[in-house]
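**Student:** what follows is a protein structure lacking sequence information:
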């Protein structure tokens with residue numbers, strides 16, 4: 001698998017994260033020795049399991065991972081400081097909700113000769129994490145860098161990636177349809193007084209009817225009556241079902257009454273960053289933060305790629321049943337598209353502010369034809385992936 005291979009190459013370390021320790025604090029970082037041998041001592045409020053390892057990359061680094069901690073070092077409130085001996089400088093940050101990390105930039109390549117913990121010294125209440133470094137050659141540094149768990153890294157990543165990207169085995173693909181707005185939120189109001197929430201629900205019901213009639217799809221709705229599900233609830237439907245595809249149906253509006261036509265939206269860069277933050281907060285693929293972060297990136301990359309492919313296929317078919325807006329594939333920071341796993345698009349079926357579009361959106365015949373185009377687009381999307389006979393392999397990471 002090409003993406004799996006890229007993931008494995010991207011991993012320069014895998015950390016063993018211990019459960020967060022209540023009220024854990026980093027209280028001091030100090031150094032001893034010289035440019036041949038340097039001791040790094042990190043003092044904490046509570047005893048802590050930790051892992052130290054070196055990394056070879058743009059720069060030579062020592063990394064210490066420890067349970068989630070607050071930074072309480074007097075005089076270094078910004079979490080940065082200057083080292084001594086083999087250490088140039090260092091910085092502290094929270095690596096995940098369960099772990100913190102201190103990264104030390106090294107003046108010269110070095111290997112870890114020892115790492116161990118000590119109880120508080122006489123007259124102190126701080127526990128000590130100790131790492132001893134010895135200067136070495138660049139070649140020896142490369143050979144010894146990286147922290148790896150016992151076991152095969154390829155197998156670990158392959159197992160976790162497949163677990164994320166493969167929905168449960170099932171005979172029919174799961175499509176989630178989100179009828180925009182609803183309840184207290186009517187959405188855009190057309191020139192004739194039509195509520196956007198009314199036409200989106202009618203279109204969602206018609207799309208469900210046509211999809212289910214094929215026998216190939218199981219359809220879930222975020223709403224099937226005039227209520228307003230929260231954004232979190234809408235996204236939650238596709239997340240809980242581990243859906244194969246998500247479509248949110250809307251109708252646009254413009255100050256220019258002459259603007260009309262359908263369009264399809266996918267995530268923009270800002271929304272992808274929001275999705276990344278959201279996914280990292282919830283990530284629990286493994287007990288190792290670095291692996292989780294890599295899997296989040298794979299999820300986002302695959303989701304964005306597949307969403308864009310689906311958007312273009314869908315527009316090709318929508319063009320047969322309704323006019324399209326200029327540059328109809330658009331990108332936006334839309335909450336309902338934020339789940340990092342499921343390919344998702346938001347379809348603007350037309351403009352409520354245009355009399356012709358509003359009349360079309362109220363027309364049962366137009367609605368039936370437009371949703372038939374959407375069904376054809378969905379069929380073509382899955383057929384184009386080459387896995388139309390393998391519903392359980394949706395979004396898999398096999399080589400293409």
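**Tutor:** Good, I have the coordinates. Note that this is a predicted model, so its numbers are computed, not measured.
**Student:** beta-bridge partners for residue 118, please?
**Tutor:** residue 128 (DSSP bridges).
**Student:** and the helix or strand harbouring residue 64, what other elements does it pack with?
**Tutor:** Taking DSSP states H and E as the definition, one finds residue 64 inside strand 60-67. Judged by 3 or more CB pairs under 8 Å, 6 or more residues apart in numbering; DSSP states H and E, strand 60-67 is in contact with strand 37-44, strand 51-56, strand 99-106, strand 110-118, strand 127-135. All C-beta spots, glycine's among them, are computed from the backbone N, C-alpha and C.
**Student:** same thing but 6 Å
**Tutor:** Applying 3 or more CB pairs under 6 Å, 6 or more residues apart in numbering; DSSP states H and E, we find strand 60-67 packed against strand 51-56, strand 99-106.
**Student:** next secondary structure after that strand?
**Tutor:** Once the chain leaves strand 60-67, the next helix or strand it forms, by DSSP H and E, is strand 70-71.
**Student:** list the strands paired with that next one, with their directions.
**Tutor:** When sheet partners are counted by DSSP bridges, strand 70-71 sits next to strand 25-33 (parallel).
**Student:** give me the buried positions along the strand it pairs with.
**Tutor:** Across strand 25-33, burial judged by 16 or more other CB atoms under 10 Å covers 25, 26, 27, 28, 29, 31, 33.
**Student:** relative orientation of it and strand 60-67 in degrees?
**Tutor:** Between strand 25-33 and strand 60-67, the angle comes out at 150 degrees (axes from the mean of the first three to the mean of the last three CA atoms, to 10 degrees).
**Student:** ok now strand 25-33, how far from the chain's centre?
**Tutor:** On the basis of CA atoms, centre = their mean, to the nearest Å, strand 25-33 sits 35 Å off its chain's mean C-alpha point.
**Student:** what residues does that strand touch?
**Tutor:** Strand 25-33 has contacts (CB atoms under 6 Å, 6 or more residues apart in numbering) with 39-45, 69-73, 83-85, 126.
**Student:** surely residue 237 meets residue 224?
**Tutor:** No: distance between residue 237 and residue 224: 11.5 Å, which falls outside the contact criterion (CB atoms under 6 Å).
**Student:** and the two? Which one has more around it.
**Tutor:** Higher neighbour count among residue 237 and residue 224: residue 237, with 20 against 14, using other CB atoms under 10 Å.
**Student:** give me the neighbour count for residue 189.
**Tutor:** Residue 189, neighbours per other CB under 10 Å, totals 15.
**Student:** contacting residues around the spatially closest residue to residue 245 that is not a sequence neighbour?
**Tutor:** Leaving aside its sequence neighbours, residue 245 sits nearest to residue 175 (CB to CB, 6 or more residues apart in numbering; 5.0 Å). For residue 175, the contacting residues are 211, 217, 219, 245, by CB under 6 Å, 6+ apart.
**Student:** likewise for residue 317?
**Tutor:** Contacts for residue 317 (CB under 6 Å, 6+ apart) come out as 373, 376, 377.
**Student:** which SSE is residue 88 in?
**Tutor:** Per DSSP H and E: residue 88 is located in strand 87-94.
**Student:** before we move on, what about residue 365?
**Tutor:** Assessed by DSSP H and E, residue 365 sits inside helix 364-384.
**Student:** how about that helix: buried residues?
**Tutor:** 366-367, 370-382.
**Student:** try stretch 37-50
**Tutor:** Buried, per 16+ other CB under 10 Å, within stretch 37-50: 38, 39, 40, 41, 42, 43, 44, 45, 48, 50.
**Student:** which one of those is nearest residue 137?
**Tutor:** The closest of the buried residues of stretch 37-50 to residue 137 turns out to be residue 38 (CB to CB; 16.5 Å).
**Student:** which residues sit in contact with that closest one?
**Tutor:** Residue 38 sits next to 85, 86, 133 when contact means CB under 6 Å, 6+ apart.
**Student:** export the residues you listed as TSV, with columns for distance to residue 141, pLDDT and neighbour count.
**Tutor:** Compiled in TSV, these are given as follows (distance: CB to CB, whole Å; pLDDT from 0 to 100; neighbours: other CB atoms under 10 Å):
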residue	distance to residue 141	pLDDT	neighbour count
85	16	95	21
86	11	95	26
133	11	96	28
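**Student:** okay if I get those as CSV plus distance to residue 55?
**Tutor:** Below are the contacts of residue 38 laid out as CSV (distance: CB to CB, whole Å):
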residue, distance to residue 55
85, 18
86, 14
133, 13
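**Student:** where does residue 198 land in three-state SS?
**Tutor:** The assignment at residue 198 comes out as helix when based on DSSP: H, G, I helix; E, B strand; the rest coil.
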